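[1] build me a model:
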Amino acid sequence: MVFRFTDDYDKELMKEAIAQKPFAAKYGEAARVWASVAEHVSSTIKERVLEKQVRDRVGLLKKNWHAGELRSSLGSGIEETLEAVNKQSHYETLAGLVGQYVQLENAGKDDKMDRINKKKADEASATRCASEIVNEALVRRALRQDDIDSDGDSSASDDTNYASSSKSTPSKAHGKRKSAFQLEAERQDKRICDDMELRRRQVDRQMQAQLQQHQDSINLEREMHGHSVQMERTRALVQSQAEKTDAKGST
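    Below is the predicted model:
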């Protein structure tokens, strides 16, 4: 026996989908939520329905609802539709329940994108801060090097003047050794640069992983949607053939 959704079954399905919000499930957990929706609907209508059936049915109801909204917006009934949305009784109809589900789903998608954009902005800000710290460290290092070179030139000039005035035999020049403070400052600068480079690489890897995960999710949804459409077409074909067979049998 082929199971067919009735108007009452569709209402129970949409109420349960609104309650459990499968669109808000974490990545990889949507199937579990849809299975829970199917279980509760089966318990309510006393008929066995599967996770794939309820998922496909909700997709079909959404498609029909969007088509109805488009017809309403192109026709003279747009005012009536807007007026009906403001009535609580509207949410007891199938169209009202589907519309409520679509609104919640769209709001969930917008909220998810806002969180993703905010995280990307925070990571970009952290990367900019890291770059500024590195640049500042490089500037400080360059300034200290200029001071060291200036001190070396001054010392060499003093040595030359002293040698000329005393007319003594020139001695081999020795390079000025860096102080402990300068060595420690250079070590700190190197450590800061290494830390910032490590942080930048971590941020890059995180952003690449998030973008890949988001793309994988989109590809999975597209694949599931295409599979759902194909299943719905197959189901319609089987139903049509069954109806033709019933019609022949009755004649």
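
[2] how about low-confidence regions in the stretch 51-200 of the chain?
    Where the stretch 51-200 of the chain drops to pLDDT under 70, the residues are 73, 75-91, 146-177.

[3] show me where it has its helices.
    Applying DSSP state H, counting those that start in this stretch to the stretch 51-200 of the chain gives helices spanning 51-74, 78-85, 94-166, 180-250.

[4] what's the closest of those to Asp7?
    Closest to Asp7 of the helices of the stretch 51-200 of the chain is helix 94-166 (CB to CB; 6.0 Å). Where C-beta positions appear, they are placed from N, C-alpha and C, glycine not excepted.

[5] helices or strands next to that closest one in the packing?
    If you count contacts as 3 or more CB pairs under 8 Å, 6 or more residues apart in numbering; DSSP states H and E, helix 94-166 packs onto helix 7-20, helix 51-74, helix 78-85, helix 180-250.

[6] got CSV for those helices, with distance to Tyr27 too?
    Shown next, in CSV, are the helices and strands packed on helix 94-166 (distance: least, CB to CB, whole Å):
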stretch, distance to Tyr27
helix 7-20, 17
helix 51-74, 16
helix 78-85, 32
helix 180-250, 6
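
[7] just send these back as CSV, with mean neighbour count and distance to Thr127 too.
    Formatted as CSV, those follow (neighbours: other CB atoms under 10 Å; distance: least, CB to CB, whole Å):
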stretch, mean neighbour count, distance to Thr127
helix 7-20, 18, 39
helix 51-74, 16, 40
helix 78-85, 13, 45
helix 180-250, 12, 5
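
[8] out of those helices, which comes closest to Ser125?
    helix 180-250 (10.3 Å).

[9] so which of the helices and strands packed on helix 94-166 is nearest Gly108?
    Here helix 7-20 is closest among the helices and strands packed on helix 94-166 (CB to CB), at 11.8 Å.

[10] and the next helix or strand along the chain from the closest one, which residues are buried?
    Remark: after helix 7-20, the chain's next helix or strand is helix 30-45, criterion DSSP states H and E. Residues 30, 33-42, 45 are the ones in helix 30-45 that count as buried (16 or more other CB atoms under 10 Å).

[11] how far is helix 30-45 from where the chain is centred?
    Centroid displacement of helix 30-45 relative to its chain, using CA atoms, centre = their mean, to the nearest Å, is 26 Å.

[12] over to stretch 216-223?
    Its chain's C-alpha centre and that of stretch 216-223 lie 13 Å apart, by CA atoms, centre = their mean.

[13] quick check: mean pLDDT across that stretch?
    Taken as a whole, stretch 216-223 has a mean pLDDT of 81.
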